[in-house]
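In: Task: produce atomic coordinates for the following.
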Amino acid sequence: MVKIIARLRWAFCSGMCIIGMLAVSQLATAAHAWQPPPRNKNVTISNGGLSVTFNIAWGAVVVGIYNKHVAHGLNIVDYHDVGRELQVDEFLFRNAPGRQPQRNNPTQAGALGHQAYRNHPHGSVFPERGSRVVRWKAGRHHFSAIIRPLDYDSGNATHWEYTEDVAIDHRGVAHFHFVFHRNGIGTFRMSTEIPTLYSDRTDAFMYPTVSPYSMNAASRKMADLHKRPPVHLVKGSPNWANHHHLVSKGWIANIDTRDHIGIFYTTPVGLPEAFGCFANAAVSDRLPLGKSNVVGVHLLCTPHETYSVRFSVLVATPAMGPKLIALEPPAKLQIANEQTPPPQH
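Out: Predicted structure coming up:
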C-alpha cells in the first residue's frame, strides 16, 4: 500500500528560516522506503552506564544514546530513516542567474530516496542509501570514523568529508567532536545543523533561561549541586513551527515525561536553536516524534573550508539533567579557512 508521508526539514540561511517540504512520490512503494538501519552494522561504546550506538551502514550516525540507570536503559533516539537520529548536516545555497537558488544537503547518515524534492518535483526513485564510512575504530569508551556524506535529496556524492570522534568519560558524559572538510570549487552560502536530534516519545523540551557559563566551572559546580538551575520546560508536544525558535544559552534537552528521561546536549551559545514535535508522523512506532537542533548561520563555504564543532551529551532524568549538563564545558563552533587539500584515504 502506497503511503504519502510529509516531512519538514528546516534550515536557517542569512538569518531567515527556509522551509522545505519533502514529500514521498506516489510512484514510490512503501515496502522499499524508510527501512531502519541494519542492526548487524551497529557498534556500541559504553562506560558501564551511558552507552552510545553508531550504525556503520548509515555514515556512523548515532542511533542510540541510553543510560542503564535512567528509565531502565530506554533509548529514545529515533532511527526510522536516514534524516533522523543524532547527526550533523549542512545546507549549501548558490544562486544561478534567473533561477531558484541551488541547494545541496550533505547529510551524515545518507540519502532518503523515493521522494520528490525541490529540484526534482516528480521524485527521484532510488533506494534509501547510507553515507560511506571510509574507516572507523572503536574501543570500550571511544569511537572515531571518517565519513563521505551523500546529498540527502539526490543521493549523489558530495565534496565533503566528516570526521567524527566520540569519547565517554567516567561520569557518563559523551563528548562529541566533528570536523568538516570540503574539497570542492565555488563559494556557497551555508547553514549547518550542529547537531540535529530526533527522539521518540518526546512530549516536552527543556532549556536554560540563564546561561550556566556566566560563572567559572568551580563556581558552577558548587552552585548547581545545591540548587536547580533556572530552566524552562515546554510541555504538550509543541508542533514544529516558526515560533519555537531560541537563541542558545548553552544547552537543550528532548524530554519524555512519561518515562522520566531526557537527552541533554550542549549547544554553542548565541546560535539559533529550534524544537518541536511531529505528532502525526507515520513512520515512528513511539509517538510523538520530537526534534531539536542548533544551527550555524551566516556562514560562507569556500573551497577547502574546514570547521568543527564540539558538544557534550548525557542522558538523565528531567530533575537531574539541568544540574549535570550545566557542569559541562561550553559547546564550540570553530571555522578556519585552509588552502591545503584534505588528507587522502
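
In: which stretches of the protein form helices?
Out: With helices called from DSSP state H, the chain shows them at 217-226, 321-325.

In: For stretch 249-264, C-alpha coordinates in CSV please.
Out: Extracted as CSV, the C-alpha positions of stretch 249-264 are listed here (Å, rounded to 0.1, in the frame of the first residue of the first chain):
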residue,chain,number,x,y,z
LYS,A,249,22.1,29.8,26.3
GLY,A,250,24.2,26.7,26.4
TRP,A,251,22.1,23.5,26.2
ILE,A,252,18.8,22.0,25.2
ALA,A,253,17.0,18.7,26.0
ASN,A,254,14.4,16.4,24.4
ILE,A,255,12.2,15.1,27.3
ASP,A,256,9.9,12.1,27.6
THR,A,257,7.9,13.0,30.7
ARG,A,258,6.1,9.6,30.9
ASP,A,259,9.3,7.6,31.3
HIS,A,260,11.2,10.4,33.1
ILE,A,261,14.1,10.6,30.7
GLY,A,262,15.8,13.3,28.7
ILE,A,263,18.7,13.6,26.2
PHE,A,264,20.6,16.8,27.2
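
In: for it, which positions count as buried?
Out: Within stretch 249-264, the residues scored as buried using 16 or more other Cβ atoms under 10 Å are 249-256, 261-264. To be clear about C-beta, it is placed using only N, CA and C from the backbone, and glycine gets the same treatment.

In: and those as CSV, adding distance to Pro36?
Out: Listed next are these as CSV, based on distance: Cβ to Cβ, whole Å:
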residue, distance to Pro36
Lys249, 34
Gly250, 33
Trp251, 29
Ile252, 26
Ala253, 25
Asn254, 19
Ile255, 24
Asp256, 20
Ile261, 21
Gly262, 23
Ile263, 19
Phe264, 25
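
In: Export those residues as JSON lines, with columns for pLDDT and distance to Glu328.
Out: Putting these into JSON lines (pLDDT from 0 to 100; distance: Cβ to Cβ, whole Å) gives the following:
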{"residue": "Lys249", "pLDDT": "95", "distance to Glu328": "13"}
{"residue": "Gly250", "pLDDT": "96", "distance to Glu328": "9"}
{"residue": "Trp251", "pLDDT": "97", "distance to Glu328": "8"}
{"residue": "Ile252", "pLDDT": "97", "distance to Glu328": "13"}
{"residue": "Ala253", "pLDDT": "98", "distance to Glu328": "12"}
{"residue": "Asn254", "pLDDT": "97", "distance to Glu328": "17"}
{"residue": "Ile255", "pLDDT": "98", "distance to Glu328": "18"}
{"residue": "Asp256", "pLDDT": "97", "distance to Glu328": "21"}
{"residue": "Ile261", "pLDDT": "98", "distance to Glu328": "18"}
{"residue": "Gly262", "pLDDT": "98", "distance to Glu328": "14"}
{"residue": "Ile263", "pLDDT": "98", "distance to Glu328": "13"}
{"residue": "Phe264", "pLDDT": "98", "distance to Glu328": "9"}
